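1. predicted structure and sequence below. I'll ask about it afterward.
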Amino acid sequence: MTVASEDAGFWIKDMLAWHYTKRAQAKAFTLDHFIDKKPIPQKEKERLKNKINGRKTPQLKPAFEPLMLAQKPLEGTFINNFDKWAVGLIDTSITMDGHFPSNVLKVEKTEKKDKHGHPTQKPVALLEHLIKIFTQEGQTVLDPFIGSGSTAVACYKSKRKVIGYELESKYTSIARERIQKEVARAGFAY
């Protein structure tokens with residue numbers, strides 16, 4: 001995705017890490033069932049299991065998801081670009097932990113009860129933080145992968161407009177319902 005974005009003319013500015021500690025599924029798995037299926041004597045199976053001693057495949061439990069930060073090329077300097085388009089600079093007064101914003105964002109994954117059927121749903125708090133750093137109230141955010149609508153909800157919570165699209169129709173109705181609820185809660189006209 002990074003290479004494709006760069007090939008499309010964007011500047012890759014940074015890599016962010018969305019760090020979480022809960023609800024991450026371990027990817028490593030035990031090998032006992034593979035040993036049990038081997039056409040070897042039971043004594044050899046036991047020897048292998050004892051030698052492996054509970055070790056698992058070499059995959060650690062994930063604790064972060066990488067996020068790419070890309071920017072369209074500037075028109076002139078950062079100042080010229082911001083003066084003309086009101087984008088391209090970040091608001092460093094927006095903080096999650098009282099410190100200068102960093103490229104490591106500690107936000108837990110969405111609780112199962114708050115998931116909306118999308119396998120890669122992002123927490124609204126994470127998206128709202130990023131939206132506030134990179135945009136200003138009243139600006140429009142484009143989400144080309146709107147999924148279940150978390151970015152749209154974050155936009156309405158932070159007083160931004162949103163344009164989003166989704167290829168899978170099963171998520172568009174979920175997103176639409178979430179957006180309508182947020183619009184009603186925030187008092188916007190939908």
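-> Received it, and whenever you're ready, just let me know what you need. Numbers count the residues shown, from 1 in each chain.
2. okay, now the closest residue in space to residue 9 that isn't next to it in sequence: neighbour count?
-> Once flanking residues are discounted, residue 9 sits nearest to residue 73: 6.6 Å by CB to CB, 6 or more residues apart in numbering. For glycine as for every other residue, the C-beta is placed from the backbone atoms N, C-alpha and C. Using other CB atoms under 10 Å, residue 73 has 9 other residues around it.
3. for residue 73, which three-state class applies?
-> Secondary structure, DSSP: H, G, I helix; E, B strand; the rest coil: residue 73 is coil.
4. wait, it touches residue 12, no?
-> No. Checked against CB atoms under 8 Å, the pair residue 73 and residue 12 is beyond contact range at 11.6 Å.
5. what is the lengthiest helix in the chain packed up against?
-> Longest helix in the chain, counting residues (DSSP state H): helix 169-186. If you count contacts as 3 or more CB pairs under 8 Å, 6 or more residues apart in numbering; DSSP states H and E, helix 169-186 packs onto helix 150-157.
6. next, work out how far apart residue 160 and residue 135 are.
-> Relative to residue 135, residue 160 is positioned 6 Å away (CB to CB, to the nearest Å).
7. next: residue 150.
-> 16 Å.
8. the two: who's more crowded?
-> Shown here are residue 150 and residue 135; by other CB under 10 Å, residue 150 has more neighbours (25 against 20).
9. thanks a lot, catch you later.
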